[in-house]
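*Asks:* got a predicted model here, sequence first, then my questions.
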Amino acid sequence: MTKKSPKKNAAKGKVSSPGVSEKILLKMYRSAYATRQFELKCMDLYRQGFIRGYLHPYLGEEAIAAGACAAIRPEDFIVSTHRGHGHCISKGADLKLMVSEIMGRATGYCKGRGGSMHISSKEDNNLGANGIVGAGIPIGTGAAMGIKVKKSKQVVLVFFSDGAANQGVFGESLNFAAAFELPVIYMLENNHYAVSTPVECSFGNCDLACKGPAYGMPGVCVDGNDAVEVYLATKSAAERALNGEGPTLIEAKTYRHGGHHINDPGLYMDQEVLAEWKARDPLDILRSKIKGKKKIQEIEAHVESELEEAIEFAKDSPQPSVDEFLDSIPNY
Amino acid sequence: MTKKSPKKNAAKGKVSSPGVSEKILLKMYRSAYATRQFELKCMDLYRQGFIRGYLHPYLGEEAIAAGACAAIRPEDFIVSTHRGHGHCISKGADLKLMVSEIMGRATGYCKGRGGSMHISSKEDNNLGANGIVGAGIPIGTGAAMGIKVKKSKQVVLVFFSDGAANQGVFGESLNFAAAFELPVIYMLENNHYAVSTPVECSFGNCDLACKGPAYGMPGVCVDGNDAVEVYLATKSAAERALNGEGPTLIEAKTYRHGGHHINDPGLYMDQEVLAEWKARDPLDILRSKIKGKKKIQEIEAHVESELEEAIEFAKDSPQPSVDEFLDSIPNY
Amino acid sequence: MAEMMYREALNRALFEEMRRDPSVFIMGENIGERGGSYKVTEGLIKEFGPERVIDTPLAEATFTNAAVGAALVGTRPIVEILFVDFTTLPMDALVNQAAKYKFMSGGQGQVPMVLRTQGGAGNGLAAQHSQSLEALFYHIPGLKLVMPSTPYDAYGLLLSAIRDDAPTIFIEHKLLYMTKGEVPEEEYVVPMGEADVKREGEDVTLVTYSYMTLKCLEAAELLEKEGISVEVVDLRTLKPLDEETILESARKTGRVIIVHEACKRGGIGGDIAAMIMENAYDDLDGPVSRVCGLDTPVPYNLELEKVCVPTVEDIAEAVIKIT
Amino acid sequence: MAEMMYREALNRALFEEMRRDPSVFIMGENIGERGGSYKVTEGLIKEFGPERVIDTPLAEATFTNAAVGAALVGTRPIVEILFVDFTTLPMDALVNQAAKYKFMSGGQGQVPMVLRTQGGAGNGLAAQHSQSLEALFYHIPGLKLVMPSTPYDAYGLLLSAIRDDAPTIFIEHKLLYMTKGEVPEEEYVVPMGEADVKREGEDVTLVTYSYMTLKCLEAAELLEKEGISVEVVDLRTLKPLDEETILESARKTGRVIIVHEACKRGGIGGDIAAMIMENAYDDLDGPVSRVCGLDTPVPYNLELEKVCVPTVEDIAEAVIKIT
Ligand SMILES: Cc1ncc(C[n+]2csc(CCOP(=O)(O)OP(=O)(O)O)c2C)c(N)n1
Ligand SMILES: Cc1ncc(C[n+]2csc(CCOP(=O)(O)OP(=O)(O)O)c2C)c(N)n1
Ligand SMILES: [Mg+2]
Ligand SMILES: [Mg+2]
């Protein structure tokens, strides 16, 4: 089991990492910045009444999706979670269709039927978010089994967090994937909380990466606030998978910047620890590694206008037709 | 993680083990011998048509139940499996009520409603066998939680086999018990098969004891054909549990002496390996450690007559009354 | 009499029962300091401590099975499953373990546990957080099933459920938590298996339960103005089912509509309709009909969500159609 | 036409579909070398290898969810769950994932998987291996549900199910595996959603499916001798339900009994009875009645087990009672 201390690695993050090109850094930055802005805008939209239901911001965790998705290819699959906007954006989703979906409009990815908790994007090979915590793990495992049956050269990247790692399907899936050497990467976003329950209270052993070896695969622990670390770990896991060597468990340590969902103030969180994590903002860390500061500004400006456009598009989009909906209900 | 090679330990089994009294050895022998004879008689009864449904003999695995149950007290609980006769007998069950139950008679432990796969014995604190592979693990875990709530000084000993260790509730339960430091002992009877599927095919990592530490508890591997090894490991796990130090996982390696159930010839089993294991018969190993050979004969004779009596009793027992059954169906 | 919210009535029942009986304890996700997503367990941990108010890891199958085990050794566990949609995860604990233990053991043991959960649509929570799945438990022998519609019933039935020796599924409705009603200050129990005629009427019987009771009462109010007298039978307990009260009302009015939010196909409405037909056919003026949820997953969009669930207008229309 | 056993017909369907479509594969416990507990998958591994005939670890929740994932990436997985009793374990995969994916994704994706399983009492296997749980799936929108009674239907419907793009629950009956029937040698498909009138009659309609079809046909035979002409409608597919054929028969005979082995309370019989009442009330000569399994877990003892399930005599008596 490879295990790294996140803090230590974070320190060396000042210089551009070997093996990660400026192009990749910028790509990751685009994802992370778009996610950050997307979440902030969605929280506004929620408060303005444009969004209903549950909204789980990915604020503070952006580096994980940005880094991991940059390490796989368009033809590779991801499986997402209830906190899934970052995954969706980083895998290449169209912000217009995303905002529309989260606003429940007919033009959204899921025609307004899914919402934030069920967003998926077929054209990006994003198999979707899930409202059942943990369910994505075996679904992603099965996608990898399907790939093996089809003999296509693809990888599945499964996102989930520490709470999901309490579910039985976590152990079952790791075992299943190891037994069949499936091309799957388990990206455990350890944000230290499942709603208000801290990892220390819900695990008998808080070293989550060590479950990898116990089930027959490498378990790697990285700094989840450092997109480069996540990228490199994912890259080598993807190579392993494509080489038919089987699955990898990656634990990426991070922290939510707020409560569990938009209406949760998260007062139970240790404010000191939170401040420490916020001081290590994944966007800052990534920015510090990018040489072309002008490129950063360009990306930011582009994301902002893209997002504004997306929100306009969504607001102008129609509600789904009730009649069409009623007509579409099948007889089973 | 303590890990011992079963073969190596088996070799030293010739001398009486330190810390295990002759009394305990005899007690274990009684359990193991009674189980052996019970299974052989039940197989006869099955073939004669007295028993229906599934019958999963515990032949070859007797030392595990015998050793483990000798290490706990009457007030401690056990949770059993579909292959549960050995657990039931070793925990002190009345053979009359057992045979009656397996023959479906009104006088059986469960009034003929449970049968072999659901036998339980409240007076012995045997919470019962289970037809759902793996289900006993969380039930036993919960019994330990109940004990903690009641603040009573008891231990729960949960039997299950390798197949059950594939189920999600295995990982969930270990984690749960470790997180709450529950007084529970997980006795993993690794008989190397789940029906016809060998352990090597169903696990990504065949070192099953190592799942203990991964979930936050000791993982011990013992020779399951040596009752003394099982006894000693269980004894110290029970002490740990009673001291409030939490759960232990014990992997006891063993091998079925035949197919999965009475109608399964088990042809898929490696006949050479099977012969090796049969050569290390748990009863022989235990006998070799007992000084009083005459005591052995007494026990055997006593068990045989007890069993004969039990079979007579069961055969003379009435079928459950259909009318009583119909009257007893509640309105929910 | 004090007016209190449904969720407060539940909270009070938990406090009182945990005080009365030290073998009662509760397990669930974020029910401790956080008091549960719907605040039903608020304050419990302060009084009873983390030994009896247990924030579990996110592992529904195990902590529900754990309740079975704990019940078998003499405690009375309450389990909270945040959404009835998630009871799919501990389904084995409910269907194959809790429901069957007493039977399979020939009566040697019993499983006095309560599974509290919450269902229904109405908050834009989409397909996996808006279901009404009571029919699944209704079909499994050995489980009691309670779905109260008022604070009064919620309190009295939760007391009953906790004291009952059978495993009981207790389903709350997310739109009921903030509704208010009178609750006597002294302790009382609402026995399981007794329906409550929430409104008497002569022309049509509405048989319903849980949140739809409120909709039926609203519809009855409306219909009164049109000169139609509607009786509303709130089942409160689905198992045991109070067939007597249902049949009595059916015989009186001769016209029955079953109203529930759950999908129509395979919902308990069919079962009750068939039961009424089998027992009171000659007293009926026409077929028993059903006003139920649409047979579809619940969509996220609020407008679409609305049409999936019976409205007051749907109910009133159905009544008018048969009178 | 060849005569073959039900299990052989299923086996042949699997062989043919796996030959025809390389994206079809099968997962389950001990289905490889061992050929499955009921021999339905016998020989498959020899032809298709362990890549497409996968002996899974004992983890039903994961391998069923895995089928969902595999279906989403373009394969057509078949999952075998040894007993329908164990579908409690992958219940989430079925109810919240497979059934809802197409809907929740707004039609972006679909889940063309088949879950084959087996249910029913009759072998002394007791409470956790003898259930009939189809009502659970019947209630969940998005799942198709098939329960064939003959080798002919089993083959033709399994082909349909595998080719269908909706997730399909395919429930066999343990007492049917060894029954024999004619099966044409050339490939054919039985479309889902079409009931089959297995016997025509004038006086009473029996609506049934799966193993109970055989019992109903036996009862009809007996009753013919008494001068009662019984029509037996074998639903074959429960979802989509062939309401038309049911109603046509109901209108013709005016007397309907629903017969199923599953527990009566909350079984699909109530739903069908209510549907008939709602649609053909005026054509009926009396209430639709139900002959169903007792509302109890199935006991181990064979004599007790027998009384839990409708017998030919029970069915015949019920017919005589209404004629
Ligand atoms: C099976 C299930 N149980 C409970 C919930 C309610 N719930 C939603 S999110 C959540 C916490 C999840 O924690 P984690 O997996 O760590 O994800 P995070 O929110 O930290 O991203 C819970 C308990 C759920 N949606 N599904
Ligand atoms: C949940 C579940 N899945 C499948 C089965 C069918 N089955 C009965 S015993 C068994 C094998 C169990 O293997 P293991 O846990 O190793 O126990 P052993 O038979 O070796 O004692 C299987 C698959 C079952 N009873 N329950
Ligand atoms: Mg988390
Ligand atoms: Mg085994």
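*Replies:* Cool, the structure landed. Ligands and ions are numbered 1, 2, ... in the order given.
*Asks:* where does pLDDT dip in chain A?
*Replies:* For chain A, the stretches flagged by pLDDT under 70 are A:1-18.
*Asks:* thinking C:M275 is in contact with D:G267, fair?
*Replies:* No - judged on Cβ atoms under 8 Å, C:M275 makes no contact with D:G267 at a distance of 11.7 Å. In short, each C-beta sits where N, CA and C put it, glycine included.
*Asks:* count the neighbours of residue 286 for me.
*Replies:* Chain wasn't specified; assuming chain A. Residues lying near A:L286 (other Cβ atoms under 10 Å in any protein chain shown) number 26.
*Asks:* correction: the question concerned chain C.
*Replies:* Neighbour tally, C:G286, other Cβ under 10 Å: 15.
*Asks:* excluding its backbone neighbours, what's nearest residue 231?
*Replies:* Going with chain A. Using Cβ to Cβ, 6 or more residues apart in numbering or on different chains and skipping the chain neighbours, the partner closest in space to A:Y231 is A:G67 (4.0 Å).
*Asks:* my bad, the chain I had in mind was chain C
*Replies:* C:G201 (3.6 Å).
*Asks:* picking up where we left off before, surely the residue nearest to A:Y231 is in a helix?
*Replies:* Yes - assessed with DSSP: H, G, I helix; E, B strand; the rest coil, A:G67 lies in a helix.
*Asks:* how far away is whatever residue of the stretch 51-200 of chain A ends up closest to ligand 3 from A:A252?
*Replies:* Proximity of the stretch 51-200 of chain A to ligand 3 (Cβ to the ion) peaks at A:S161, 3.3 Å away. The gap separating A:S161 from A:A252 is 10 Å, by Cβ to Cβ, to the nearest Å.
*Asks:* any common contacting residues for these two?
*Replies:* A:L188, A:E189, A:N190 (Cβ atoms under 8 Å, 6 or more residues apart in numbering or on different chains).
*Asks:* of these, which is the nearest to ligand 2?
*Replies:* Ligand 2 lies nearest to A:L188 out of the shared contacts of A:S161 and A:A252, by Cβ to the nearest ligand atom, at 26.6 Å.
*Asks:* ok, the helix or strand where the closest one lies: who's next to it in the sheet?
*Replies:* According to DSSP states H and E, A:L188 maps onto strand A:184-190. Strand pairing for strand A:184-190, determined by DSSP bridges: strand A:156-161 (parallel), strand A:248-253 (parallel).
*Asks:* ok, and does the first one reach over to ligand 1?
*Replies:* Going back to what we said before, that points to strand A:156-161. Yes - Strand A:156-161 comes into contact with ligand 1 (Cβ under 6 Å from any ligand atom), by way of A:S161.
*Asks:* for A:S121, list each beta-bridge partner.
*Replies:* Going by DSSP bridges, A:S121 forms beta bridges with A:N126.
*Asks:* which residues sit in contact with it?
*Replies:* Counted by Cβ under 8 Å, 6+ apart, A:S121 has contacts A:C88, A:K91, A:G92, A:A93, A:D94, A:L97, A:M98, A:Y109, A:G128, D:Q108.
*Asks:* near chain A, which residues of the stretch 101-250 of chain C show up?
*Replies:* C:N123, C:G124, C:L125, C:A126, C:A127, C:Q128, C:H129 (Cβ under 8 Å from any Cβ of the partner chain).
*Asks:* would TSV of the residues you listed with distance to chain B, secondary structure and pLDDT be doable?
*Replies:* Converted to TSV, these look like this (distance: Cβ to the nearest Cβ, whole Å; DSSP: H, G, I helix; E, B strand; the rest coil; pLDDT from 0 to 100):
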residue	distance to chain B	secondary structure	pLDDT
C:N123	29	coil	95
C:G124	31	coil	97
C:L125	25	coil	98
C:A126	25	coil	98
C:A127	23	coil	98
C:Q128	19	coil	98
C:H129	22	coil	98
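*Asks:* which among the residues you listed end up buried?
*Replies:* Among those, those classed as buried by 16 or more other Cβ atoms under 10 Å in any protein chain shown are C:G124, C:L125, C:A126, C:A127, C:Q128, C:H129.
*Asks:* returning to what we had before: would you reformat the residues of the stretch 101-250 of chain C next to chain A as JSON lines and include distance to ligand 3?
*Replies:* Shown next, in JSON lines, are those (distance: Cβ to the ion, whole Å):
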{"residue": "C:N123", "distance to ligand 3": "23"}
{"residue": "C:G124", "distance to ligand 3": "23"}
{"residue": "C:L125", "distance to ligand 3": "20"}
{"residue": "C:A126", "distance to ligand 3": "21"}
{"residue": "C:A127", "distance to ligand 3": "23"}
{"residue": "C:Q128", "distance to ligand 3": "18"}
{"residue": "C:H129", "distance to ligand 3": "18"}
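*Asks:* how close does the residue nearest the centre of chain A get to A:E61?
*Replies:* Closest residue to the average C-alpha location of chain A: A:H87 at 3.5 Å, with Cα atoms, centre = their mean. Separation of A:H87 from A:E61 (Cβ to Cβ): 10 Å.
*Asks:* equivalent analysis for C:K198, please.
*Replies:* 49 Å.
*Asks:* look at the two and report which has more neighbours.
*Replies:* Neighbours per residue (other Cβ under 10 Å) separate C:K198 from A:E61, with A:E61 holding more: 28 against 20.
*Asks:* which residues touch the more buried one?
*Replies:* Counted by Cβ under 8 Å, 6+ apart, A:E61 has contacts A:R83, A:G86, A:E189, A:N191, A:G224, A:T254, A:Y255, A:R256, A:P282.
*Asks:* try 7 Å
*Replies:* A:G86, A:E189, A:N191, A:G224, A:T254, A:R256 (Cβ atoms under 7 Å, 6 or more residues apart in numbering or on different chains).
*Asks:* cool, A:T197 as well?
*Replies:* C:N30, C:D55.
*Asks:* and with 8 Å instead?
*Replies:* A:T197 touches A:G163, C:E29, C:N30, C:D55, C:P57, C:L58, counting by Cβ under 8 Å, 6+ apart.
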